[in-house]
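> dropping the sequence and predicted coords here.
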Amino acid sequence: QVQLVESGGGVVQAGGSLRLSCAASGLTFRRYAMGWFRQAPGKEREFVAAISMSGARTDYADSVKGRFTISRDNAKNTVYLEMNNLTPEDTAVYYCAAGYPNEYDSRRYAYWGQGTQVTVSS
């Protein structure tokens, strides 16, 4: 059974930073592209960032480019999202997602975590 467990969310002031983690189990992690999405209250879930199986390729939403960094540690079965210069518009539930084996499609995912809340105060 595939499990994705996010952690690292919380409340931070505007301009601050947070680092989200997502620990994966039940799959051969190095074979899966990983992604982060977010959903703000009253809005649809939106793509944030993605990383290929090896980590060589990353993609970002325009709204987070230059501020967020996605990375992964295949030895630890964990993907990270480093978020800097946060603004109130970044407030959302952040979800980790795993793609399909040996496939990189930054917008297509098979498995989802439960999410972690990020709140940025002004």
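The structure has been received and is ready for your questions. Numbers count the residues shown, from 1 in each chain.
> so who does the residue most central in space within the chain touch?
Central residue of the chain (C-alpha atoms, centre = their mean): Trp36, 2.6 Å from the mean position. Counting by C-beta atoms under 8 Å, 6 or more residues apart in numbering, Trp36 makes contact with Leu20, Cys22, Val48, Ala49, Ala50, Ile70, Val79, Leu81, Tyr94, Tyr95, Cys96, Ala97. Backbone N, C-alpha and C define where each C-beta goes, glycine included.
> among these, name the ones in strands.
Leu20, Cys22, Val48, Ala49, Ala50, Ile70, Val79, Leu81, Tyr94, Tyr95, Cys96, Ala97 (DSSP state E).
> neighbours around the fifth one, how many?
As a burial measure, Ala50 scores 25 neighbours (other C-beta atoms under 10 Å).
> what's opposite it in the beta bridge?
Gly35, Asp59 (DSSP bridges).
> now the terminal residues of stretch 86-95, how far apart.
17 Å (C-alpha to C-alpha, to the nearest Å).
> give me the contact list for it.
Applying C-beta under 8 Å, 6+ apart, the set of residues contacting stretch 86-95 is 6, 9, 12, 14-18, 20, 36-40, 43, 45, 48, 63-64, 67, 81, 83, 112-122.
> which of those residues count as buried?
In the contacts of stretch 86-95, burial by neighbour count holds for 6, 9, 12, 18, 20, 36-38, 48, 64, 81, 83, 112-113, 115-116, 118, 120, counting by 16 or more other C-beta atoms under 10 Å.
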